[in-house]
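> Sequence isn't available, so here's the structure alone:
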(Lines give C-alpha, C1' and ligand atoms only; values in the text may rest on other atoms or scores of the structure.)
Protein backbone atom coordinates (compact mmCIF):
# COMPACT_ATOMS: atom_id res chain seq x y z
CA UNK A 1 0.00 0.00 0.00
CA UNK A 2 0.81 3.75 -0.05
CA UNK A 3 2.26 3.80 -3.54
CA UNK A 4 2.94 7.07 -5.31
CA UNK A 5 3.86 7.23 -8.96
CA UNK A 6 5.36 9.99 -11.06
CA UNK A 7 5.42 10.47 -14.77
CA UNK A 8 7.65 10.92 -16.62
CA UNK A 9 10.64 9.49 -14.78
CA UNK A 10 12.97 11.65 -16.83
CA UNK A 11 12.60 14.37 -19.44
CA UNK A 12 14.95 16.33 -21.63
CA UNK A 13 13.64 19.53 -23.15
CA UNK A 14 14.83 22.66 -24.90
CA UNK A 15 15.15 25.94 -23.10
CA UNK A 16 11.93 27.93 -23.22
CA UNK A 17 9.56 24.98 -23.38
CA UNK A 18 7.16 23.86 -20.67
CA UNK A 19 7.23 20.51 -18.95
CA UNK A 20 4.40 18.84 -17.05
CA UNK A 21 5.07 16.28 -14.32
CA UNK A 22 2.29 14.11 -12.90
CA UNK A 23 2.11 12.72 -9.39
CA UNK A 24 -0.47 10.05 -8.58
CA UNK A 25 -1.41 8.26 -5.38
CA UNK A 26 -2.26 4.78 -6.62
CA UNK A 27 -3.95 3.11 -3.67
CA UNK A 28 -5.05 5.94 -1.41
CA UNK A 29 -6.60 9.37 -1.58
CA UNK A 30 -4.47 12.41 -0.96
CA UNK A 31 -5.99 15.80 -0.29
CA UNK A 32 -2.48 17.10 0.24
CA UNK A 33 0.55 16.48 -1.92
CA UNK A 34 3.95 18.11 -1.83
CA UNK A 35 6.48 19.03 -4.49
CA UNK A 36 10.20 18.99 -3.71
CA UNK A 37 13.30 19.72 -5.71
CA UNK A 38 16.73 18.27 -5.08
CA UNK A 39 19.97 19.35 -6.70
CA UNK A 40 22.93 16.93 -6.78
CA UNK A 41 24.41 16.25 -3.35
CA UNK A 42 22.02 18.68 -1.72
CA UNK A 43 19.08 18.17 0.59
CA UNK A 44 15.40 18.12 -0.31
CA UNK A 45 13.87 21.52 -0.82
CA UNK A 46 10.12 21.89 -0.43
CA UNK A 47 8.71 23.95 -3.28
CA UNK A 48 5.00 23.93 -2.58
CA UNK A 49 2.09 22.23 -0.88
CA UNK A 50 -0.62 21.13 -3.27
CA UNK A 51 -4.17 21.08 -1.91
CA UNK A 52 -7.00 19.31 -3.71
CA UNK A 53 -9.53 21.79 -5.02
CA UNK A 54 -7.67 24.90 -3.94
CA UNK A 55 -4.58 26.91 -4.73
CA UNK A 56 -1.17 25.60 -3.89
CA UNK A 57 0.88 27.14 -1.12
CA UNK A 58 4.36 28.06 -2.30
CA UNK A 59 7.49 28.29 -0.21
CA UNK A 60 9.37 31.54 -0.01
CA UNK A 61 11.46 32.16 -3.10
CA UNK A 62 9.53 29.77 -5.35
CA UNK A 63 7.88 31.52 -8.29
CA UNK A 64 4.26 30.45 -8.50
CA UNK A 65 3.93 31.68 -12.07
CA UNK A 66 6.85 29.56 -13.16
CA UNK A 67 5.95 26.39 -11.28
CA UNK A 68 2.25 25.86 -11.86
CA UNK A 69 0.56 23.31 -9.62
CA UNK A 70 -2.85 21.78 -10.19
CA UNK A 71 -4.46 19.31 -7.80
CA UNK A 72 -7.72 18.55 -9.55
CA UNK A 73 -8.53 15.22 -7.94
CA UNK A 74 -7.80 13.28 -4.78
CA UNK A 75 -5.22 11.15 -6.56
CA UNK A 76 -3.50 13.50 -8.98
CA UNK A 77 -1.35 16.60 -8.71
CA UNK A 78 0.61 18.10 -11.59
CA UNK A 79 3.59 20.41 -11.64
CA UNK A 80 4.25 22.38 -14.81
CA UNK A 81 7.62 24.04 -15.20
CA UNK A 82 6.91 26.89 -17.58
CA UNK A 83 9.55 28.39 -19.88
CA UNK A 84 12.15 26.04 -18.50
CA UNK A 85 15.79 27.13 -18.40
CA UNK A 86 18.98 25.15 -17.75
CA UNK A 87 19.00 26.26 -14.11
CA UNK A 88 15.67 24.45 -13.67
CA UNK A 89 17.43 21.14 -14.35
CA UNK A 90 16.96 19.13 -11.20
CA UNK A 91 15.36 16.09 -9.58
CA UNK A 92 11.69 16.82 -8.88
CA UNK A 93 10.01 14.61 -6.30
CA UNK A 94 6.42 14.59 -5.15
CA UNK A 95 4.99 13.13 -1.98
CA UNK A 96 1.48 12.46 -0.79
CA UNK A 97 -0.28 12.11 2.53
CA UNK A 98 -2.93 9.45 3.01
CA UNK A 99 -6.10 11.40 3.83
CA UNK A 100 -7.75 8.32 5.25
CA UNK A 101 -5.30 7.80 8.09
CA UNK A 102 -5.16 11.34 9.42
CA UNK A 103 -1.43 10.88 9.85
CA UNK A 104 1.27 13.20 8.61
CA UNK A 105 3.30 10.44 6.97
CA UNK A 106 4.41 11.41 3.49
CA UNK A 107 5.01 8.79 0.83
CA UNK A 108 7.34 9.79 -1.96
CA UNK A 109 7.10 9.17 -5.65
CA UNK A 110 10.16 7.89 -7.54
CA UNK A 111 11.04 11.36 -8.82
CA UNK A 112 11.42 13.00 -12.23
CA UNK A 113 14.78 14.05 -13.59
CA UNK A 114 14.53 17.17 -15.69
CA UNK A 115 17.34 18.25 -18.00
CA UNK A 116 16.89 21.53 -19.80
CA UNK A 117 19.26 22.08 -22.70
CA UNK B 1 13.26 29.11 13.66
CA UNK B 2 12.16 25.54 13.18
CA UNK B 3 15.16 23.34 12.50
CA UNK B 4 16.08 19.73 12.29
CA UNK B 5 19.77 18.97 12.61
CA UNK B 6 21.73 15.93 11.61
CA UNK B 7 25.42 15.20 11.32
CA UNK B 8 26.17 14.96 7.61
CA UNK B 9 28.68 12.16 8.08
CA UNK B 10 29.77 9.97 6.52
CA UNK B 11 29.22 7.52 9.34
CA UNK B 12 31.26 4.44 8.56
CA UNK B 13 30.50 1.16 10.30
CA UNK B 14 31.63 -2.40 9.58
CA UNK B 15 29.18 -4.97 8.36
CA UNK B 16 27.30 -6.56 11.25
CA UNK B 17 27.74 -3.61 13.59
CA UNK B 18 25.08 -1.29 14.98
CA UNK B 19 24.74 2.04 13.19
CA UNK B 20 23.42 4.88 15.32
CA UNK B 21 21.98 7.91 13.55
CA UNK B 22 21.00 10.98 15.52
CA UNK B 23 18.72 13.95 14.99
CA UNK B 24 17.81 16.96 17.12
CA UNK B 25 14.97 19.37 16.56
CA UNK B 26 14.25 22.84 17.86
CA UNK B 27 10.45 23.05 17.97
CA UNK B 28 9.13 21.66 21.27
CA UNK B 29 5.67 21.46 19.73
CA UNK B 30 6.78 18.75 17.30
CA UNK B 31 4.46 15.77 17.37
CA UNK B 32 5.54 13.29 14.72
CA UNK B 33 8.96 12.05 13.75
CA UNK B 34 10.03 10.16 10.67
CA UNK B 35 13.08 8.43 9.28
CA UNK B 36 13.54 8.12 5.54
CA UNK B 37 16.28 6.36 3.61
CA UNK B 38 17.51 7.79 0.32
CA UNK B 39 19.79 5.86 -1.96
CA UNK B 40 21.94 7.88 -4.32
CA UNK B 41 19.89 9.02 -7.29
CA UNK B 42 16.61 7.77 -5.82
CA UNK B 43 13.74 9.35 -3.93
CA UNK B 44 13.29 8.99 -0.14
CA UNK B 45 11.73 5.84 1.22
CA UNK B 46 9.93 5.74 4.57
CA UNK B 47 11.60 3.50 7.13
CA UNK B 48 9.80 4.33 10.36
CA UNK B 49 7.72 6.87 12.17
CA UNK B 50 7.40 7.44 15.90
CA UNK B 51 5.01 9.59 17.90
CA UNK B 52 5.59 8.63 21.55
CA UNK B 53 8.59 8.79 23.84
CA UNK B 54 10.58 5.61 24.00
CA UNK B 55 11.62 2.97 21.53
CA UNK B 56 9.86 1.56 18.50
CA UNK B 57 11.28 -1.51 16.82
CA UNK B 58 10.71 -2.81 13.30
CA UNK B 59 12.98 -5.62 12.22
CA UNK B 60 16.58 -4.44 12.33
CA UNK B 61 15.51 -0.84 12.88
CA UNK B 62 14.77 0.87 16.18
CA UNK B 63 13.62 4.46 16.47
CA UNK B 64 14.12 6.22 19.79
CA UNK B 65 12.37 9.42 20.80
CA UNK B 66 13.10 11.68 23.75
CA UNK B 67 10.87 14.73 23.60
CA UNK B 68 12.34 16.28 26.75
CA UNK B 69 15.76 16.33 25.10
CA UNK B 70 14.29 17.02 21.63
CA UNK B 71 16.19 14.10 20.26
CA UNK B 72 15.28 11.25 17.93
CA UNK B 73 17.58 8.50 16.79
CA UNK B 74 17.60 5.49 14.50
CA UNK B 75 19.53 2.34 15.30
CA UNK B 76 20.27 -0.18 12.59
CA UNK B 77 21.32 -3.57 13.92
CA UNK B 78 23.42 -6.04 11.94
CA UNK B 79 24.26 -3.36 9.39
CA UNK B 80 24.61 -4.54 5.81
CA UNK B 81 26.38 -2.92 2.84
CA UNK B 82 22.90 -2.50 1.33
CA UNK B 83 22.07 -0.13 4.21
CA UNK B 84 24.59 2.35 2.80
CA UNK B 85 22.51 5.41 1.99
CA UNK B 86 21.59 8.84 3.28
CA UNK B 87 19.16 8.81 6.19
CA UNK B 88 16.80 11.74 6.52
CA UNK B 89 15.15 12.74 9.76
CA UNK B 90 11.85 14.61 9.39
CA UNK B 91 9.68 16.31 11.98
CA UNK B 92 6.11 17.55 11.91
CA UNK B 93 5.00 20.32 14.26
CA UNK B 94 1.24 20.59 13.76
CA UNK B 95 1.48 21.86 10.23
CA UNK B 96 0.99 20.21 6.88
CA UNK B 97 4.72 20.21 6.22
CA UNK B 98 7.54 17.98 7.29
CA UNK B 99 10.76 19.68 8.20
CA UNK B 100 13.67 17.62 6.93
CA UNK B 101 17.22 17.46 8.19
CA UNK B 102 20.01 17.52 5.65
CA UNK B 103 20.63 13.82 6.17
CA UNK B 104 23.41 11.59 7.44
CA UNK B 105 25.34 9.51 4.95
CA UNK B 106 25.92 5.98 6.21
CA UNK B 107 28.61 3.73 4.78
CA UNK B 108 28.66 0.07 5.75
CA UNK B 109 31.87 -1.63 4.71
CA UNK B 110 32.33 -5.39 4.32
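Everything's here; your move. This one's a predicted model, so the numbers in the text were calculated from it and none came from an experiment.

> use CA for all of it now, contacts and neighbours both
OK.

> For residue 89, give me its contacts.
Reading this off chain A. Neighbour list for residue A:89: A:113, A:114, A:115, A:116 [criterion: Cα atoms under 8 Å, 6 or more residues apart in numbering or on different chains].

> not quite, I wanted chain B
Residue B:89 touches B:4, B:6, B:23, B:33, B:34, B:35, B:36, B:100, B:101, B:102, B:103, counting by Cα under 8 Å, 6+ apart.

> so who does the residue nearest the centre of chain A touch?
By Cα atoms, centre = their mean, chain A has its centre lying nearest to residue A:35, at 3.5 Å. Residues in contact with residue A:35 (Cα under 8 Å, 6+ apart) are A:46, A:47, A:48, A:49, A:50, A:79, A:92, A:93, A:94, A:95.

> Can you read off the backbone torsions of residue A:88?
In terms of degrees, to the nearest 10, the main-chain angles of residue A:88 are phi -80, psi -10.

> returning to that earlier point: quick one: buried ones out of the contacts of residue A:35?
A:46, A:47, A:48, A:49, A:50, A:79, A:92, A:93, A:94, A:95 (16 or more other Cα atoms under 10 Å in any protein chain shown).

> So the fourth one sits against residue A:32, correct?
To tie it back to what came earlier, the one meant is residue A:49. Yes - using Cα atoms under 8 Å, residue A:49 is in contact with residue A:32, at 7.0 Å.

> mind listing the strands for the chain?
Reading this off chain A. A:4-7, A:10-13, A:19-25, A:32-38, A:45-51, A:57-58, A:67-73, A:76-81, A:90-97, A:106-108, A:112-116 (DSSP state E).

> Chain B was what I was after
Going by DSSP E, chain B shows strands at B:4-5, B:11-14, B:19-25, B:32-38, B:45-50, B:54-58, B:61-66, B:71-76, B:85-92, B:99-100, B:104-109.
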